[in-house]
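Undergrad: Pasting the sequence and the predicted coordinates here, then a few questions.
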Amino acid sequence: MIHLKSEEEIKKMRSASQIVVEALNTLKEMVGPGVSTWDLDRMAEEVAIRRGAKPAFKGYSDYPGSVCFAINSEVVHGIPSKKKILKEGDIVGIDFGVILDGFYGDSAITVPVGEISSLAHKLLQVTEESLLKGIQEASPDNGLFDVSRAIQSHVEEMGFSIVRSFVGHGIGKSLHEDPQVPNFVPGNTSRSNGIKLKPGMVIAIEPMVNVGNPDIKILSDGWTAVTVDGTLSAHFEHTVAVTDKGPVILTQ
Ligand code: MF3
Ligand code: CO
């Protein structure tokens, strides 16, 4: 069931989302060679608590951290660790969410550690562009798969691949609500356009893009998703409200 949000509720979701933005900005500034994902996780939690919010992922399905990281060929859901130390040339995905006043906000960025390869740079650029192209389609009367198609087309035109095993999601009083938001047009029915988008829907759009094959596997820690072929992967996410004036990025 899709929960439509009132203006008041969207306001609350924006407040939660702005704390996520503050935390991601703080972490982005901290990122550099020698910094551990543990240090970054501590800081994100500190920002959330300072603002009266609670980290959303900690304890969700027993996830042990506050932030999900993804270094290089990791796709998503890497657990923070003192042993995971960033080095020059890495790319690191940082995915964070909070709950404030009963509502969630969720966003992710992938950032370079020092100087990165031109391939890595291109991957970050294309993945973020695909997210923005998807968001542009999140308007009333468009179908949900207009969002999916915009993301998929851009990524594939640029020669990269869309991960199929994870999708975006509705968000509100729960971190994950209906509808699922695929970053690809499901099945081979190019005619189906998915559900109609309506004012008051709030969705987390989150493309995960691999340089090589789209396949992923989960490591023995039960969480970390990595590319099967070992190529680089990137992830960007925004929480977006569908309004009668068009899409509004709450995690801007
Ligand atoms: N942002 C991710 C998502 O939307 C991370 C949540 S996974 C968790 O699904 F289990 F760690 F919370
Ligand atoms: Co999400």
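TA: Okay, I see it. Residues are numbered from 1 along each chain as shown. Ligands and ions are numbered 1, 2, ... in the order given.
Undergrad: CA atoms only: put the host helix or strand of residue 134 into CSV for me.
TA: In this assignment (DSSP states H and E), residue 134 forms part of helix 118-136. Provided in CSV are the C-alpha atoms of helix 118-136 (Å, rounded to 0.1, in the frame of the first residue of the first chain):
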residue,chain,number,x,y,z
SER,A,118,39.4,8.9,-15.0
LEU,A,119,37.2,5.7,-15.2
ALA,A,120,36.2,6.1,-11.6
HIS,A,121,35.5,9.8,-12.2
LYS,A,122,33.3,9.0,-15.2
LEU,A,123,31.4,6.3,-13.1
LEU,A,124,30.6,8.8,-10.3
GLN,A,125,29.5,11.4,-12.8
VAL,A,126,27.3,9.1,-14.8
THR,A,127,25.7,7.5,-11.7
GLU,A,128,24.8,10.9,-10.2
GLU,A,129,23.5,12.2,-13.6
SER,A,130,21.3,9.1,-13.9
LEU,A,131,19.8,9.9,-10.4
LEU,A,132,19.1,13.4,-11.5
LYS,A,133,17.5,12.3,-14.8
GLY,A,134,15.3,9.8,-12.9
ILE,A,135,14.3,12.5,-10.4
GLN,A,136,13.2,14.8,-13.3
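Undergrad: which residues of the stretch 1-150 of the chain fall in helices?
TA: 7-30, 37-50, 118-136, 144-157 (DSSP state H, counting those that start in this stretch).
Undergrad: Please compute how far the first one lies from its chain's middle.
TA: If you compare the mean C-alpha spot of helix 7-30 with that of the full chain, they lie 13 Å apart, counting by CA atoms, centre = their mean, to the nearest Å.
Undergrad: now swap in the third one and tell me
TA: Computed by CA atoms, centre = their mean, the chain-centroid distance of helix 118-136 equals 12 Å.
Undergrad: returning to what we had before: next one: the helix holding residue 134, is it in contact with ligand 1?
TA: No. With CB under 6 Å from any ligand atom as the criterion, ligand 1 is not reached by helix 118-136; the gap is at least 13.1 Å. C-beta here means a position set from N, CA and C on the backbone, and glycine is covered the same way.
Undergrad: Any stretches of the stretch 101-250 of the chain with poor pLDDT?
TA: 188-191 (pLDDT under 70).
Undergrad: what's the helix holding residue 134 packed up against?
TA: strand 91-100, strand 103-112, helix 144-157, strand 202-205, strand 208-210, strand 233-235, strand 238-243, strand 246-249 (3 or more CB pairs under 8 Å, 6 or more residues apart in numbering; DSSP states H and E).
Undergrad: near ligand 2, which residues of the stretch 101-250 of the chain show up?
TA: 106, 204 (CB under 5 Å from the ion).
Undergrad: Where does the stretch 101-250 of the chain get nearest to ligand 1, which residue?
TA: residue 106 (5.0 Å; CB to the nearest ligand atom).
Undergrad: who's in contact with that residue?
TA: Going by CB atoms under 8 Å, 6 or more residues apart in numbering, residue 106 touches 17, 20, 56, 95-97, 171, 175, 204, 206, 237, 239, 251.
Undergrad: Quick one: these as CSV, columns for distance to residue 36 and neighbour count too.
TA: Formatted as CSV, the contacts of residue 106 follow (distance: CB to CB, whole Å; neighbours: other CB atoms under 10 Å):
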residue, distance to residue 36, neighbour count
17, 26, 30
20, 21, 31
56, 22, 23
95, 17, 23
96, 16, 31
97, 21, 32
171, 29, 29
175, 25, 18
204, 27, 26
206, 24, 25
237, 23, 26
239, 27, 29
251, 25, 24
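Undergrad: hmm, back to that, return the most buried member of the helices of the stretch 1-150 of the chain.
TA: Most buried of those by mean neighbour count (mean count of other CB atoms under 10 Å) is helix 144-157; its value is a mean of 22.
Undergrad: Give me the helices and strands touching that one, please.
TA: Counting by 3+ CB pairs under 8 Å, 6+ apart, helix 144-157 packs on helix 118-136, strand 161-162, strand 177-181, strand 202-205.
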